[in-house]
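Participant: can you look at this prediction? I've put the sequence above it.
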Amino acid sequence: MPVRRIPVRPGGAHATIDVAEQNAALAALLGGDTAARERAVTTILAAPELFAPPVLCALAAELFARDRRDDAVFWYHAGQVRARFDANRCADPTAGSAVAVLRERFGAPINRYAFTDRANLRTLVERAVQWDATTPHDYDHRWINLHGMGAFTAVAGGAGLSRPEEEWADVAARTRAEYLRGMHEVLG
């Protein structure tokens, strides 16, 4: 039986979230057109700060497929730390499940490779976290809100989508510290 897709159009504040460029980059990275994938990789690597975490994770998968394994590990973890920050600053706690979806979709082959050299993994994760701390987040961080229940239940003009902006620096620092602490615990 074929899967029937039912489009859902977010309302209220969710309707202002623009993920068109993100979706185009994902379609190119995950599609069958080799030239489109190449253009997407070149574009994303030229300005990665413009792309949301799902794009960085899909980039990692494409780089892994090209046997650029260490680059894949770096971009996967850069995407993961940014996704966690976006989840932590999101006002909808159910949206955080998007982080697990990215891990399930892209993480297994990259992590299998990464854990074959724990010292290299530690270096790449630390570099990814440092990159995150020093590189602007010039994408719409509210992408993650579209993965929460609020996107389906919000009424027009509903509550804010994110925690107050004055909290973001602390949330980012805490997210990065927790990410590094978790990796160091796993790596021993």
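Facilitator: Arrived safely, thanks for sending.
Participant: going by C-alpha atoms from here, please, whenever you check contacts or count neighbours.
Facilitator: Fine.
Participant: nearest residue to the residue most central in space within the chain other than its sequence neighbours?
Facilitator: Taking CA atoms, centre = their mean, the centroid of the chain lies closest to Pro53, which sits 2.0 Å from it. Spatially, and ignoring its direct neighbours in sequence, Pro53 is nearest to Gly79 (4.3 Å; CA to CA, 6 or more residues apart in numbering).
Participant: mind listing what's buried in the one helix or strand in the chain whose mean pLDDT sits lowest?
Facilitator: Using mean pLDDT, DSSP states H and E, helix 150-153 stands out as the lowest-scoring helix or strand of the chain, at a mean of 77. Under the neighbour-count criterion of 16 or more other CA atoms under 10 Å, helix 150-153 has 150-151 buried.
Participant: list of residues touching it?
Facilitator: With contact meaning CA atoms under 8 Å, 6 or more residues apart in numbering, helix 150-153 is reached by 8, 10-11, 14, 92, 94, 145.
Participant: backbone dihedrals for Ser162, please?
Facilitator: Backbone dihedrals for Ser162, given as degrees, to the nearest 10, come out at phi -130, psi 160.
Participant: who's it bridged to?
Facilitator: Cys90 (DSSP bridges).
Participant: burial count for it?
Facilitator: 18 (other CA atoms under 10 Å).
Participant: for Phe51, what are phi and psi?
Facilitator: According to degrees, to the nearest 10, Phe51 has phi -120, psi 140.
Participant: from what I can see it touches Gln22, true?
Facilitator: Yes: between Phe51 and Gln22 there is a contact under CA atoms under 8 Å: 6.5 Å.
Participant: which element is the residue nearest to Pro53 on?
Facilitator: helix 69-89 (DSSP states H and E).
Participant: just checking, what packs against that helix?
Facilitator: Contacting helix 69-89 under the criterion 3 or more CA pairs under 8 Å, 6 or more residues apart in numbering; DSSP states H and E are the following elements: helix 53-65, helix 97-102, helix 108-114, helix 118-134, helix 168-187.
Participant: single out the most deeply packed of these.
Facilitator: helix 53-65 (a mean of 25; mean count of other CA atoms under 10 Å).
Participant: ok, back up a step: just the buried ones from the contacts of helix 150-153, in PyMOL syntax?
Facilitator: Under the burial definition 16+ other CA under 10 Å, those of those that qualify are selected in PyMOL by:
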select buried, resi 10+11+14+92+145
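Participant: any chance of the contacts of helix 150-153 in JSON lines, plus distance to Val73?
Facilitator: Shown next, in JSON lines, are those (distance: CA to CA, whole Å):
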{"residue": "Val8", "distance to Val73": "33"}
{"residue": "Pro10", "distance to Val73": "33"}
{"residue": "Gly11", "distance to Val73": "36"}
{"residue": "His14", "distance to Val73": "32"}
{"residue": "Asp92", "distance to Val73": "29"}
{"residue": "Thr94", "distance to Val73": "27"}
{"residue": "Asn145", "distance to Val73": "26"}
